[in-house]
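# Generate a structure from the sequence data that follows.
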Amino acid sequence: MTRSLLAASVAMLLVTVGANAQTTVPATQPAPIASDQPAADQGAADQGLSSDQAASDDDRQAPIPFEGGQLTITQPEQDGEKVLAYDGKQLASNYDVFFDKIVKIGDVNVALVDVGDGGNQCGPAKVIIWKPKDGEIQTTTVEQDECGAPPAAVSDSAIYFVPYLLPGESKPALQWSPAEGLTTSGNLTYTPEPGTGWKNVDPSKLDNIIDAFHNEAVYKAGQALLGNDMPDMATSLLVGGGTEKTASGAFYATGCVPHDCGGNDGFMAVDPAKQKVYFARRGDNGEPQAWPPMKDWPADIKKAYDDAQGSGN
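Model (predicted):
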């Protein structure tokens, strides 16, 4: 199941606390999945900046009319943090602050704003802004693992936050509504595609070798070797591209942790014919860890690893 399909059906999935989820590896932080339509009583101006305005950090973001006042995003000091405010009252600040959209949850207009540090290591947190009837402006900030908010899916009654999962991970799915606030809807667990086996492995269809974990046979073989280290191993492959093949037909790829390339690098190889997988990751002490031990690796896969590392050993 892809991320978009998961988000589209999230309201149904979250009825069951033990819901399963499977995703693909994003090149960058995924765009939220939400209605782009304005709230019924909001004018076109309420949608704030155009795509051209949002394209550059240097662009000035226009005020956004909201609930009888204005949301503003300003940068008081050059190269300093941007400030999100409502009629002069500061609501949030950080180096990247961008208006997302206004949606309607029940009968309440809700503004969504992305606020983050910038860069691609972590996505932005989502700041939810609303104004209760006859009340003051209110905000809630949503982020997970101190690394940005999961993609958002908007329904008529709530906003659902569906986490991106790496192989071996489980994370809570969250929901927010004006009446209930931010609550946990259930737990999503990465699950490979049921019924897929070694004969279904096709490296030509993989954007990133992490996608090979979608195959149930590869996933189970990896889980048997890595155990609780599977999410860390997958993280060390996040920054990577396509795969290469050895003469024997095994395929492999290298990768690294975002913003730590050269310091936390990973290697993964899959041999569909022999029904085996191989992993290596540079540890905190700079020495590689290997699953299985590297002395048990076939010569061609060991050579592929050495060549990828530039060691020539």
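
# need the contact list for the closest residue to Pro167 other than its chain neighbours.
Excluding the flanking residues, the one nearest Pro167 by CB to CB, 6 or more residues apart in numbering is Phe213, at 4.0 Å. Where you see a C-beta, it was placed from the backbone N, CA and C, and this is true even at glycine. Phe213 is in contact with 167, 190, 192, 219, 222, 234, counting by CB atoms under 8 Å, 6 or more residues apart in numbering.

# Among those residues, which one lies nearest to Gln144?
Tyr190 (14.7 Å; CB to CB).

# What is the neighbour count of the closest one?
Neighbour count of Tyr190, defined by other CB atoms under 10 Å: 23.

# can you list the domains in the chain?
The chain breaks down into these domains under automatic domain parsing: 30-163+174-186, 198-309.

# The first one - what's its average pLDDT?
Predicted confidence along domain 30-163+174-186 averages 83 (mean pLDDT).

# Next: stretch 258-266.
Here stretch 258-266 scores 80 as its mean pLDDT.

# Residues in contact with that stretch: which ones?
By CB under 8 Å, 6+ apart, the residues outside stretch 258-266 that reach it are 119-121, 233, 235-240, 254-257, 279-282, 309.

# Report the buried residues of the one helix or strand Thr183 maps to.
Per DSSP states H and E: Thr183 is located in strand 181-190. For strand 181-190, the neighbour count (16 or more other CB atoms under 10 Å) marks 185-188, 190 as buried.

# Can you list the strands that it pairs with?
Counting by DSSP bridges, the strands paired with strand 181-190 are strand 20-21 (parallel), strand 170-177 (antiparallel).

# distance of the most centrally placed residue in the chain from Thr141?
Note on the chain: the residue nearest the mean C-alpha position is Tyr164, at 4.5 Å, using CA atoms, centre = their mean. For Tyr164, the distance to Thr141 equals 18 Å [CB to CB, to the nearest Å].

# Next secondary structure after the helix or strand in which Ile102 is found?
Assigned by DSSP H and E, Ile102 belongs to strand 96-105. Following strand 96-105 in sequence order, the next helix or strand is strand 108-116 (DSSP H and E).

# With only the CA atoms kept, save that following strand in PDB.
The C-alpha coordinates for strand 108-116 follow below in PDB (Å, rounded to 0.1, in the frame of the first residue of the first chain):
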ATOM      1  CA  VAL A 108     -14.500  25.700  12.600                       C
ATOM      2  CA  ASN A 109     -12.100  27.300  10.200                       C
ATOM      3  CA  VAL A 110      -8.600  26.000  10.800                       C
ATOM      4  CA  ALA A 111      -5.300  27.400   9.400                       C
ATOM      5  CA  LEU A 112      -2.300  25.100   8.900                       C
ATOM      6  CA  VAL A 113       1.200  26.500   8.800                       C
ATOM      7  CA  ASP A 114       4.500  24.700   8.400                       C
ATOM      8  CA  VAL A 115       7.200  25.700  10.900                       C
ATOM      9  CA  GLY A 116      10.700  24.100  10.900                       C
END
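
# For that strand, which helices and strands make contact with it?
strand 64-66, strand 69-74, strand 89-94, strand 96-105, strand 125-130 (3 or more CB pairs under 8 Å, 6 or more residues apart in numbering; DSSP states H and E).

# partners of that strand, with directions?
The pairing partners recorded for strand 108-116 under DSSP bridges are strand 96-105 (antiparallel), strand 125-130 (antiparallel).

# Show me the helices in the stretch 201-313 of the chain, by range?
216-226, 230-235, 299-309 (DSSP state H, counting those that start in this stretch).

# okay, those helices in JSON lines with distance to Ile137 and mean neighbour count next?
Shown next, in JSON lines, are the helices of the stretch 201-313 of the chain (distance: least, CB to CB, whole Å; neighbours: other CB atoms under 10 Å):
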{"stretch": "helix 216-226", "distance to Ile137": "46", "mean neighbour count": "19"}
{"stretch": "helix 230-235", "distance to Ile137": "38", "mean neighbour count": "21"}
{"stretch": "helix 299-309", "distance to Ile137": "53", "mean neighbour count": "17"}
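
# gap between stretch 175-190 and the chain center?
17 Å (CA atoms, centre = their mean, to the nearest Å).

# For Ala273, see how far away the most far-flung residue of the chain relative to its centre is.
Taking CA atoms, centre = their mean, the residue of the chain most remote from its mean C-alpha position is Asp134, at 36.9 Å. Separation of Asp134 from Ala273 (CB to CB) stands at 70 Å.
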